[in-house]
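Chemist: Sequence plus predicted model, see below.
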Amino acid sequence: MDRFEGTSLDCVRSTRPVFRGLDFALAGGGALVLTGPNGSGKSSLLRLMAGLLPAAAGSLSWNGAPVADDPDAHRLRLRYLGHLDAVKPALTVSENLAFWAGLMGADAAQSVDPALDALGIAHLADLPARFLSAGQKRRVNLARLALAPAALWLLDEPATALDAETTDRLRALIRRHRDAGGMAVVSTHSDLGLEAASNLDLAAFAARALAADEAAA
């Protein structure tokens, strides 16, 4: 079973300490929910986990091996969805998903239709993305998760702009991913109702960083 861990992680953004001494451990099939007030570092931690932001201290490991030893392998095993929806306005919904399927090494002819169905957006398949509402763009973005399997999902406020029905679809998508042995790390301000999920409140680690910064000053 895969295992993803972080040990004594410090994060600094533009000389400002964000969090300090953060530890986590996540096994295959597990979910980690990140909570805490704005500015406590939820998005920064996800970017750090994705390899998009370097840790100021500490380390990440996958099955006991440092992620830094093979960052390309780590990028291939994860799907990261941030605040911005990666949707090209000139392409249709299907063309957007086909583009992402190609980047993931998936067969678009086989994967796009099931991904559309997973988020309930088959009726939007031929619509240019520039005509989509905020909620529809978010659903297209989330449909990327259903295109091809990946061991680790990193989701930053994935339920933003979603209605109740689509939130249920997202929850079901995460459940199927975990049932297949995948991991999910999700930042949220609302309860997504993920079964048997662990919670990591970043407020304490942000306070620790602030205290250390004030002491150094």
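Modeler: Perfect, I can see it now.

Chemist: Would you map the strands across the chain?
Modeler: Using DSSP state E, the strands found in the chain span residues 3-13, 16-27, 31-35, 57-62, 65-66, 78-81, 152-156, 183-187, 198-201.

Chemist: where does the chain have low pLDDT?
Modeler: 212, 214-217 (pLDDT under 70).

Chemist: Helices of that one, residue ranges please.
Modeler: Counting by DSSP state H, the chain has helices at residues 42-49, 71-76, 93-104, 108-118, 134-143, 164-179, 203-216.

Chemist: Give the buried residues for stretch 42-55.
Modeler: For stretch 42-55, the buried set under the neighbour-count rule, 16 or more other CB atoms under 10 Å, comprises 42, 43, 44, 45, 46, 47, 48, 49, 50, 51, 53, 55. (C-beta placed from N, C-alpha, C; glycine too.)

Chemist: One more: stretch 125-137?
Modeler: Of the residues in stretch 125-137, those buried under the neighbour-count criterion (16+ other CB under 10 Å) are 129, 132, 136, 137.

Chemist: Look at residue 173 and say how many residues are nearby.
Modeler: Around residue 173 sit 20 other residues, with neighbours defined as other CB atoms under 10 Å.

Chemist: Off-centre distance for stretch 123-138?
Modeler: Per CA atoms, centre = their mean, to the nearest Å, the displacement of stretch 123-138 from the mean C-alpha position of its chain is 21 Å.

Chemist: so how far does that stretch reach from one end to the other?
Modeler: Start and end residues of stretch 123-138 are separated by 15 Å (CA to CA, to the nearest Å).

Chemist: that older thread, please tabulate the buried residues of stretch 42-55 in CSV, including the columns distance to residue 67.
Modeler: Compiled in CSV, the buried residues of stretch 42-55 are given as follows (distance: CB to CB, whole Å):
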residue, distance to residue 67
42, 19
43, 19
44, 16
45, 14
46, 14
47, 13
48, 10
49, 9
50, 10
51, 7
53, 13
55, 10
